[in-house]
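>>> here is my input, please return the structure:
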Amino acid sequence: MDQFAEWVRHSFGLGDGPLLRTVGGRGADGDVWHLQVDSREYAVKRPFHPFDVEAVSREAALLDHLAAREVEVPTHVGTTDGRLVAEVPADLGGGRARVSHWIEGDSVGARTSELAEQLGALLAQLHRAAPATERQPRSWYTAMLAPVEWAHLVEQSAGRPWHDALAARLGDLTAYDELVRRAHPATGPFILGHCDLHPDNALVAPDGSLRALDWEDFGPLDPGRELAKTLVQWHVLDNTLDEEAITRTVTAYRAAGGPGVLADLRDFAMVLCSETNFLASQIRLALDDAAQPERREQAQGEITEALGAYLPSLATLDRVLDAATA
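All right, here's what the predicted structure looks like:
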């Protein structure tokens, strides 16, 4: 018998019936499983880092808000005593766990071009249904490391497998920094949105439309900057872009009433900050001798992938802007 699954069942009051835990996966932030209790399905998450319980409560409130507006999202399941996060017993590995309703669907995989219209429709739906907020976007999305800090990371990476690739991207990172400084934080109006709608955080539902998953990074954002970020994460790989898919996504977004507007390169500040801040965090993790070996190995894979595919030049972003505003 799966003792952890039984503990989840009883702690979160998931009821009786046959119990099955499947589809264990490991992401950059934690582990996730598909839990079936009779015919009911749930997602169970255990992060590498402690949950911010207040942030989880805000996330649950946002998802309830969206669900009330007929957006299919993975709403949360509370424990039998009303908590959204539960402490896992030490004999089951410790840490914390949370549960949400399972969203049925298939992975996006390599179908980003095929799903261009569905992406635009989903993002417009999320932006229209999102609550307004006076809160400012987090610094993760508005600021990045200065060039001197990147140079220091290059020095620290000497002898590591990613060193040469990182050193070769210093010119691009410096150009990013200059653009982000010109952009300054957006002035609003802001909404509460997903913030990280890359292909791995979406599912193709049985009806062919898209659903957004993994809302842990939600927060205040400018809709136009999230639109720019999403276009890059779905339709740009290194310096190769799918101009037709970009145009189809933006056209569908506009047709569905999406409020975001792309005006110039400064609207790409959100994606540049988030991608480079994630890269820096993975480099630091890979360099941390005290971290678990499997996590350091995973971080090295994230570094290689980011440097090889996810840092387009400003000239490429210019082409994205042209396709989005055509």
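
>>> could you verify my assumption that E216 touches E59?
Yes - if you go by CB atoms under 8 Å, E216 and E59 touch, sitting 6.7 Å apart. Yep, even glycine has a C-beta here, placed from its N, CA and C like the rest.

>>> pull the CA atoms of stretch 64-71 into CSV?
Taking Å, rounded to 0.1, in the frame of the first residue of the first chain, the C-alpha atoms of stretch 64-71 are listed here in CSV:
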residue,chain,number,x,y,z
ASP,A,64,-11.6,30.4,-7.1
HIS,A,65,-12.1,33.8,-8.7
LEU,A,66,-11.3,32.4,-12.2
ALA,A,67,-13.3,29.2,-11.7
ALA,A,68,-16.4,31.4,-10.8
ARG,A,69,-15.9,33.0,-14.2
GLU,A,70,-16.0,29.7,-16.0
VAL,A,71,-12.2,29.4,-16.5
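
>>> now it: average pLDDT?
Across stretch 64-71, pLDDT averages out at 97.

>>> list the buried residues for it?
By 16 or more other CB atoms under 10 Å, the buried positions in stretch 64-71 come out as L66, V71.

>>> same question, stretch 117-136
Quick answer for stretch 117-136 (16+ other CB under 10 Å): 117-127, 129-130, 133.

>>> and if you look at stretch 201-210?
In stretch 201-210, counting by 16+ other CB under 10 Å, buried: N201, A202, L203, V204, A205, S209, L210.

>>> number of nearby residues for the nearest residue to the fourth one once chain neighbours are set aside?
Read that as V204. Nearest non-adjacent residue to V204, counting by CB to CB, 6 or more residues apart in numbering: D106, 4.7 Å away. Residues near D106, counting by other CB atoms under 10 Å, number 10.

>>> helices of the stretch 101-250 of the chain, start to end?
Applying DSSP state H, counting those that start in this stretch to the stretch 101-250 of the chain gives helices spanning 116-129, 147-156, 163-168, 170-183, 223-235, 243-255.

>>> ramachandran angles for the most centrally placed residue in the chain?
Note on the chain: the residue nearest the mean C-alpha position is D196, at 3.0 Å, using CA atoms, centre = their mean. Main-chain dihedrals, D196, degrees, to the nearest 10: phi -150, psi 50.
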